[in-house]
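1. What shape does this take:
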Amino acid sequence: MSQVDQGKDNKSMDKKEIADEEREKMLNAENTKHTGSAPAPDLESEEQKPKKKIPIGGIKMPGFCRTKSKETCRDDDTKPTEAVNGESANAATKENDQHPADKPITAAKETKEKDGRKGILSAIRLPLASVFPRRKKEADAELGNTGSVGLASVETLDDTATEKNPINKEEEADGMETVRLDGGAAENPQPPKMSALLNCILIARRNLFVLVAVLCILLSVVIIVCVACAGPRRIVSQPLKDGKYVEAVTSCGLVEGVLEDGAFAFRGIPYAVPPVENRRWQTAVSLKRIEHCWNGTYVAHQPSEKCWQREADGRVVGNEDCLYLDVFTPEVRYDTPLPVVVMIGAETLSGASPGVMQPSAKLSRVRDIVFVRPNFRLGVFGFLAAEPLSRTTHPPTSGNYGLSDVIAALQWVQLNIENFGGNKSAVTLWGHRAGGTLVTTLVGARRAKDLFQRVWISSGSAIFPGKELTHSEETSKQFLEAIRCTDADCLRSKGAEELMDAVPESWYTGNIGLPESREATSASIRHEWLVLDGSFLQEHVGQIWTKDELPVKVVMGSTAHSGAPLRYLTPNITLASSQVEKIIRESLLGTRGLADETLRRYNTTLEGLVTMISDIRVICPLLTVARMKTNIPFYVATQPRGRLADPDSDAAAILGTYAARTPEEKRHVSAMQQLFNHYVWHGEVAQANPKDARKVLIVGQDTLLERDYPNCDFWITQNIVPSYGRID
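-> As a prediction, this is how the structure comes out:
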């Protein structure tokens, strides 16, 4: 090749490189400012290059982010388009001088560049607006495609256009290509269909707030409906009739009570089949059969008659048809049930009952507690264990009929007390004196299981039934001889008063005063009302308490002078020191050589003598029972009511019948009521600490914790306690 040809080739290569550089700079300038002049692409090179396929929805525009560009895309609209350097400008001038024939082509390129710039402006402006739903719907309407999703062409998205403009060749030459999204592709692909579940999820995400609100409303409606369906459909409070009477529902029919002192009293409600005629000396039978119930409304306005008993003054009173109970409630309602106290009161197991244990409607209203007081059989009608009676039952047994009455009353409470505003799951069984003895025997009894949850025992006996049925039947022969009967039919044919008169006097004699020498020899033959009958009582109560965890909570206590004989409770009684010393030395204490130590421990006054009797007969025996368990609080009420803290002073303080006159007595009443009320409501004695060795609560003007009660350990070590404790 000649040098001339070689020079021409070099010049051609230089021109081509210069043209490429010029085109590249013009493209960069186009990216820099869209409104400035844009260099026209080389038609020949563009036509020769194979057209690239544009993805669906894409718009191919010249000058945007080409790979050969030396500059990145920028949106600076304020910078003017200029030549990058002078060398590029000189190269362009030189190229124009050497190729004058290219000028017409350049003019055509300039014309097309203007059209291209307009297309670019529209392509930039209109797609940005089309992202809003309104623009998108309008674009779909112009394309005639309402079901498919896609981007329109530049001409379609132009707001100023009134009709679809065809795509001409000049626009194709500018590098602009319109891509159809609704079937314009060669293969005509269909958009994938979303499943119903995915579509629901997408809709839920777009309307999350509305969805949460709807779910909350539906949940509230469901809760309201459930509460309305599950809640009690009873009225809250029973309306008054004639402004004075109120009705309540029992398992045997309606009963009518009366308004008293702002509360309601139901007196004389039957809870068991009357134990008369052939049912004499049979266990209590609850009112379950319809023939034992009544028609209409049972009027419960008047108190029922007492069961047959012998009172402290020797009078015999009562009735065999006596299994009735009284209910005192603040309001007959079904919402917010109140705790229940079932009161078992008797001075001895032969009478008098209920003694001081008589609640009232006013007491129920003031304490906000439902009180229940049942009658139960006493004496020979309630506890006779005799061989003729044992032969008539299977398995053979007799006795403890009064204990079965208390269990039947507790069953009635569980079945009906909710209709009187009481809570059957918060029943406190309160036994006072002989009633406390019965309650103590029921703590571990199998038949009394789940009938009460708490127990309060005040001044009960610690001598529990330990004699077998055969032994009790043997001691009853004296009574059978007096009544001249050898079989059950004969016994049931006798009149009630005749039976009461036939009871031996020794059966009524209680342990009063200091222990006597004869008691040591007659302990094996003395009469006891309670018996191990094999049905209600199967083993000694002390054995039950020691080997098993008690199924209920228990509080025990007494007054400081609970064992005082009746003759020492008269107001004008006086005893000289010499008289007190004589009584001590003539008792079992003097026989055993304990008189001097006793006189040293107790003063020789009436109060000292009564305190000694109470310690031996009641307080220290009960304390030995309480010590069987570590969690039984034990209290002693020491505040005197007059001269002595008599056997009923603690119960009277709780019931509000304690006539407090001095500030000390008023504080004592308040202390006792706080102890009892807190236990009934919460099942605990607030002042007691079961884990502490100090478990004796001395209740005087205030409640104080002591480690032990004075002199009890002395009597226990001398084997006086509990051997000579009060029997019933």
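2. Please enumerate the helices of the stretch 401-550 of the chain.
-> 401-416, 434-442, 469-475, 477-483, 488-493, 496-501, 517-522, 541-547 (DSSP state H, counting those that start in this stretch).
3. Name the stretch among the ones you listed that sits most buried.
-> Across the helices of the stretch 401-550 of the chain, averaging neighbours per residue (mean count of other CB atoms under 10 Å) puts helix 434-442 on top, at a mean of 27. In short, each C-beta sits where N, CA and C put it, glycine included.
4. Which strands or helices does it pack on?
-> Using 3 or more CB pairs under 8 Å, 6 or more residues apart in numbering; DSSP states H and E, the elements in contact with helix 434-442 are strand 338-346, helix 401-416, strand 422-433, strand 454-458.
5. circling back: quick one, which of the helices of the stretch 401-550 of the chain gets closest to R643.
-> helix 434-442 (24.1 Å; CB to CB).
6. distance of the nearest residue to N278 once chain neighbours are set aside from L378?
-> Once flanking residues are discounted, N278 sits nearest to R492: 6.5 Å by CB to CB, 6 or more residues apart in numbering. As judged by CB to CB, to the nearest Å, R492 and L378 stand 18 Å apart.
7. Look at L254 and give its secondary structure.
-> strand (DSSP: H, G, I helix; E, B strand; the rest coil).
8. returning to what we had before: out of the helices of the stretch 401-550 of the chain, nearest to N631?
-> helix 541-547 (12.0 Å).
9. Report the distance from that closest one to the chain centre.
-> Centroid separation between helix 541-547 and its chain, computed with CA atoms, centre = their mean, to the nearest Å, is 33 Å.
10. Same list (the helices of the stretch 401-550 of the chain) but as CSV, adding mean pLDDT.
-> Shown next, in CSV, are these (pLDDT from 0 to 100):
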stretch, mean pLDDT
helix 401-416, 97
helix 434-442, 95
helix 469-475, 91
helix 477-483, 94
helix 488-493, 95
helix 496-501, 95
helix 517-522, 78
helix 541-547, 82
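11. of those, which approaches R600 most closely?
-> Using CB to CB, the nearest of the helices of the stretch 401-550 of the chain to R600 is helix 517-522, at 21.9 Å.
12. Distance from that closest one to the middle of the chain?
-> With CA atoms, centre = their mean as the basis, helix 517-522 stands 56 Å off its chain's centre.
13. among the helices of the stretch 401-550 of the chain, which is nearest L655?
-> helix 434-442 (13.5 Å).
14. where does the stretch 51-200 of the chain have low pLDDT?
-> 51-194 (pLDDT under 70).
15. what do you get for the chain?
-> 1-14, 29-194, 227-237, 510-511, 523-524, 689-694.
16. quick one: S425 and R454 touch, right?
-> No - using CB atoms under 8 Å as the test, S425 is too far from R454 to be in contact (10.8 Å).
17. Which one of those two is surrounded by more residues?
-> R454 (21 against 12; other CB atoms under 10 Å).
18. Now do the phi/psi pair for the closest residue to Y602 other than its chain neighbours.
-> Leaving aside its sequence neighbours, Y602 sits nearest to G608 (CB to CB, 6+ apart; 4.2 Å). Dihedral pair for G608: phi -70, psi -40, per degrees, to the nearest 10.
19. what's the neighbour count on G608?
-> Counted with other CB under 10 Å, G608 comes out at 18.
20. surely it meets E581?
-> No - look at G608 against E581 with CB under 8 Å: they stay out of range, at 10.4 Å.
21. residues contacting V317?
-> Contacts for V317 (CB atoms under 8 Å, 6 or more residues apart in numbering) come out as K306, W308, Q309, E311.
22. does S390 count as helix, strand or coil?
-> What three-state DSSP gives for S390 is helix.
23. What of V680?
-> helix.
24. If I follow the layout properly, it ends up in contact with M343?
-> No - contact criterion CB under 8 Å: V680 and M343 do not qualify, at 11.7 Å.
25. More neighbours: the two, which one.
-> Neighbour totals were compared for V680 and M343, and M343 leads with 24 against 21 (other CB under 10 Å).
26. Tell me which residues touch the more buried one, please.
-> M343 neighbours (CB under 8 Å, 6+ apart): P354, M357, P359, F371, V372, R373, W430, H432, G435.
27. Distance of it relative to H292?
-> Taken as CB to CB, the span from M343 to H292 is 25 Å.
28. swap in C322?
-> Counting by CB to CB - C322 and H292 are separated by 16 Å.
29. Please apply the same query to V214.
-> 58 Å.
30. So which of those two has more stuff around it?
-> Legend: neighbour count by other CB under 10 Å for V214 and H292, higher for H292 (14 against 11).
31. Surely that one is in contact with Y271?
-> No - the criterion here is CB under 8 Å, and H292 misses it with Y271 at 10.8 Å.
32. Could you give the separation of stretch 647-665 from the chain centroid?
-> For stretch 647-665, the distance to the chain centre is 36 Å (CA atoms, centre = their mean).
33. typo on my end, it should be stretch 398-408
-> 35 Å.
34. And for stretch 242-258?
-> Distance, centroid of stretch 242-258 to centroid of chain: 31 Å (CA atoms, centre = their mean).
35. Tell me the spacing between S535 and L491.
-> S535 is 19 Å from L491, where distance means CB to CB.
36. can you check A213 too?
-> 80 Å.
37. so E581 is in which element?
-> Counting by DSSP states H and E, the element that carries E581 is helix 577-586.
38. Also F381?
-> Per DSSP H and E: helix 379-383 holds F381.
39. which residues are contacting that helix?
-> 275, 280-281, 307-310, 320, 349-351, 376-377, 399-402, 405, 479, 496, 499-500, 502-503, 529-531.
40. Now do the contacts for the nearest residue to L363 once chain neighbours are set aside.
-> Nearest non-adjacent residue to L363, counting by CB to CB, 6+ apart: G656, 5.9 Å away. If you count contacts by CB under 8 Å, 6+ apart, G656 has them with L363, V366, V669, Q673.
41. could you dump stretch 586-606 to CSV, C-alpha only?
-> What follows is stretch 586-606, C-alpha atoms only, in CSV (Å, rounded to 0.1, in the frame of the first residue of the first chain):
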residue,chain,number,x,y,z
GLU,A,586,-60.7,-30.8,149.8
SER,A,587,-60.6,-31.4,146.0
LEU,A,588,-58.5,-33.9,144.1
LEU,A,589,-55.7,-31.4,144.0
GLY,A,590,-55.3,-31.7,147.8
THR,A,591,-55.5,-35.5,147.7
ARG,A,592,-52.6,-35.5,145.2
GLY,A,593,-50.6,-33.0,147.2
LEU,A,594,-50.9,-30.2,144.7
ALA,A,595,-52.7,-27.7,147.0
ASP,A,596,-49.6,-25.7,148.1
GLU,A,597,-48.3,-25.3,144.5
THR,A,598,-51.8,-24.4,143.4
LEU,A,599,-52.2,-21.7,146.0
ARG,A,600,-48.9,-20.3,145.0
ARG,A,601,-49.9,-20.1,141.3
TYR,A,602,-53.4,-18.7,141.9
ASN,A,603,-54.6,-16.2,144.5
THR,A,604,-57.1,-17.1,147.1
THR,A,605,-60.0,-15.0,145.7
LEU,A,606,-63.2,-15.8,143.9
